[in-house]
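Peer 1: Need a 3D model of the sequence below.
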Amino acid sequence: MIELWQNWDLRYLAPAFIGGTGVAIVSGPLGAMMVWRRLAYFGDTLSHSGLLGITLALALHINITLGVCAIALLVALGLLGLQQKLLVASDTLLGLLSHTTLALGLLILATMERIQVDVLGFLYGDILALTWQDVGWIYLGGVIVILLLMRLWQSLLRVTVDPDLAQVEGVPVKRVQATYLLLLAIVVAVAIKIVGVLLITALLLIPATTARPWAHSPEKMAVYASIFGIISVMVGIISSHFWDVPTGPAIVVSSTFLLLITLCIKK
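Peer 2: Model (predicted):
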């Protein structure tokens, strides 16, 4: 009876549930915008740069979230700058940044012999290790991102539909695009601890893809994406608790199953 109660006692998962919910809420509208703007590869680039941010933060003995956020912001700004100077396609530039930052992160990690690092935890996430301080950072960053996103929402929609027309209408296209990329970098940095470097893009894209057939307006798609993301996080954490599987991959697989189920229902 005691063992059964301990198995169902989920109180220690409270930071994971609350922190994961916060990330899912913010990821919904940003993921929906990523789907519309076809920026999936950019999300991968930011997530791969996260490993470089983690290793630099450990080497410099600073907060890991701040380190990841700083590197992600630098990569986003570097992409904007290089797009204007290098005459190459955007996907080529993204591939260059993605693999370069990932390789640098691995090289720095290989030289850190005195520091014990859980590489798998960084690659696949460790949401069960969230502390209340981490939850506070997640919600602080989430509130800032949501407020800025609400202010830029209409401009982002115009730029997504037709950048040239938006420019004629007086929308500062480059500034709006740069702000969105920076917001995306912040969310990727905060969410890496939830599903890891390799899976963060899936948490942005899959719930938004699930929401797309059900939504008849951009706002509804953003809200539905957040709801599907929350469901995926809850199911993934509970699955990890009862079946002792990695939580990050469990969240992504739960999100994919939810996508398949909703597609069957929609048909």
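
Peer 1: Going by C-alpha atoms from here, please, whenever you check contacts or count neighbours.
Peer 2: Noted.

Peer 1: ok now do the residue nearest the centre of the chain, which residues does it touch?
Peer 2: Nearest residue to the geometric centre of the chain (CA atoms, centre = their mean): Val188, 3.7 Å. The neighbours of Val188, taking CA atoms under 8 Å, 6 or more residues apart in numbering as the test, are 43, 46-47, 69, 72, 200.

Peer 1: Which of the residues you listed fall within helices?
Peer 2: With helices defined by DSSP state H, the entries of those inside them are 43, 46-47, 69, 72, 200.

Peer 1: which of these tops the neighbour count?
Peer 2: Compared across the ones in helices among the contacts of Val188, Leu46 has the highest neighbour count, 32 neighbours, by other CA atoms under 10 Å.

Peer 1: Next one: that residue from Leu205, what distance?
Peer 2: Leu46 sits 14 Å away from Leu205, going by CA to CA, to the nearest Å.

Peer 1: of the ones in helices among the contacts of Val188, closest to Leu263?
Peer 2: Of all these, Ile200 has the smallest distance to Leu263: 22.4 Å, by CA to CA.

Peer 1: Give me the distance between that closest one and Thr209.
Peer 2: 15 Å.

Peer 1: still on that earlier bit, remind me which helix or strand the residue nearest to the centre of the chain belongs to.
Peer 2: helix 173-195 (DSSP states H and E).

Peer 1: would you put the C-alpha positions of that helix in CSV?
Peer 2: C-alpha atoms of helix 173-195 as CSV (Å, rounded to 0.1, in the frame of the first residue of the first chain):
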residue,chain,number,x,y,z
VAL,A,173,9.9,45.0,-41.6
LYS,A,174,13.6,44.5,-40.6
ARG,A,175,13.0,45.6,-37.0
VAL,A,176,9.9,43.4,-36.6
GLN,A,177,11.8,40.4,-38.1
ALA,A,178,14.8,41.0,-35.8
THR,A,179,12.5,41.3,-32.7
TYR,A,180,10.8,38.0,-33.5
LEU,A,181,14.1,36.2,-33.9
LEU,A,182,15.3,37.6,-30.6
LEU,A,183,12.1,36.5,-28.9
LEU,A,184,12.5,33.0,-30.4
ALA,A,185,16.1,32.9,-29.2
ILE,A,186,15.0,33.7,-25.6
VAL,A,187,12.4,30.9,-25.6
VAL,A,188,14.8,28.4,-27.0
ALA,A,189,17.3,29.3,-24.3
VAL,A,190,14.7,28.9,-21.6
ALA,A,191,13.2,25.7,-23.0
ILE,A,192,16.4,23.8,-23.5
LYS,A,193,16.2,22.4,-20.0
ILE,A,194,12.8,21.1,-20.7
VAL,A,195,13.4,18.9,-23.8
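
Peer 1: chain center to that helix: distance?
Peer 2: Offset of helix 173-195 from its chain centre (CA atoms, centre = their mean, to the nearest Å): 8 Å.

Peer 1: cool, stretch 156-172 as well?
Peer 2: With CA atoms, centre = their mean, you get 25 Å for stretch 156-172.

Peer 1: So for it, mean pLDDT?
Peer 2: Mean per-residue pLDDT for stretch 156-172: 86.

Peer 1: Give me the distance between the two termini of it.
Peer 2: 10 Å.

Peer 1: Quick check: Val23 touching Gly141?
Peer 2: No: the pair Val23 / Gly141 is not scored as a contact, 9.5 Å apart, by CA atoms under 8 Å.

Peer 1: Identify the contacts common to those two.
Peer 2: 187, 190.

Peer 1: Specify which residue of these two has the higher count of neighbours.
Peer 2: Val23 (27 against 18).

Peer 1: Setting aside sequence neighbours, what's the nearest residue to that one?
Peer 2: Ala191 (6.2 Å; CA to CA, 6 or more residues apart in numbering).

Peer 1: distance between the ends of stretch 161-174?
Peer 2: 15 Å.

Peer 1: who's in contact with that stretch?
Peer 2: Outside stretch 161-174, the residues touching it (CA under 8 Å, 6+ apart) are 155, 158-159.

Peer 1: following the lengthiest helix in the chain, which helix or strand shows up next?
Peer 2: Taking DSSP H as the criterion, the chain has its longest helix at helix 132-161. Moving toward the C-terminus from helix 132-161, the next helix or strand (DSSP H and E) is helix 163-168.
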